[in-house]
Each structure stands twice: as structure tokens, then as C-alpha cells.
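S.K.: Model the following, please.
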Amino acid sequence: MVANHHEEEWQVRAACRGPQAIVFFPPSYVERKDERVSREREAKEICALCPVREDCLAYALRIREPHGVWGGLNETERRQLLERGVSSRVRLARRAH
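M.R.: Residues are numbered from 1 along each chain as shown. As a prediction, this is how the structure comes out:
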């Protein structure tokens, strides 16, 4: 229960909340590559200013979120981090704070 409260706490402070949230996930139709790149760039610009970016990325890595931009990284970038074993280091770094 405490973990859920902490997750809710950071999610409420996320810069992606509101109408701009649409750029964080692909549309329901097939997206052209240039559209995806543009959408992800816009999402990452929002992430860059977000006060809970690290919490968001740690969450996405922990649950192995397969879709969207989380913590400034898209699906492929997060998968690459996981393949390199970075998720455990992210958790350890967060505990040190």
C-alpha cells in the first residue's frame, strides 16, 4: 500500500499530466516515422523539465512498461537500459537519495 501511495504522489506532480499527455503514447492509427520522431521529441522536451522524471523512469523500468515515453525515454531506449542491467542501478541510486 505504501508503494502505491508513493507512485501516486510522484504521478500527481508529473509534467505530462493534462492535455499534453497525448504526445507520450502512439496514436491508434499507424504513425509515420517522422510523426513518431516529432511526437517523441515533444514528449522528451516535457520530460526534460519534469520534477519527477527519475521516479517516472524508475517506475517504467520496474514494471517493464512496453509503450510510450516515460522518464524521457521511449520503449526502445528503456529496453536497451534493461538489457544492460541499468534498472537495478536506477533503483539503488534512488534509494541513496
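
S.K.: From here on, just use CA atoms for contacts and neighbour counts.
M.R.: Will do.

S.K.: what residue lies at the spatial centre of the protein?
M.R.: The chain has W70 as the residue nearest its centroid, 0.9 Å off, counting by CA atoms, centre = their mean.

S.K.: Low-confidence stretches in the chain?
M.R.: For the chain, the stretches with pLDDT under 70 are 1-8, 86-97.

S.K.: for it, which helix is longest?
M.R.: The longest helix of the chain (DSSP state H) is helix 33-48.

S.K.: Next, the buried residues of that one.
M.R.: For helix 33-48, burial by neighbour count (16 or more other CA atoms under 10 Å) applies to R36, R39, E40, R41, A43, K44, I46, C47.

S.K.: How about stretch 65-76?
M.R.: E65, G68, V69, W70, G71, G72, L73, N74, E75.

S.K.: With just CA atoms, put that stretch into CSV.
M.R.: Extracted in CSV, the C-alpha atoms of stretch 65-76 (Å, rounded to 0.1, in the frame of the first residue of the first chain):
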residue,chain,number,x,y,z
GLU,A,65,6.3,-0.6,-19.4
PRO,A,66,6.2,-1.6,-23.1
HIS,A,67,4.6,1.6,-24.5
GLY,A,68,5.2,5.3,-24.6
VAL,A,69,7.7,7.8,-23.4
TRP,A,70,8.4,7.5,-19.7
GLY,A,71,11.1,9.5,-17.8
GLY,A,72,12.4,10.9,-21.1
LEU,A,73,13.0,7.5,-22.8
ASN,A,74,10.9,5.7,-25.4
GLU,A,75,10.3,2.0,-25.5
THR,A,76,13.5,1.1,-27.4
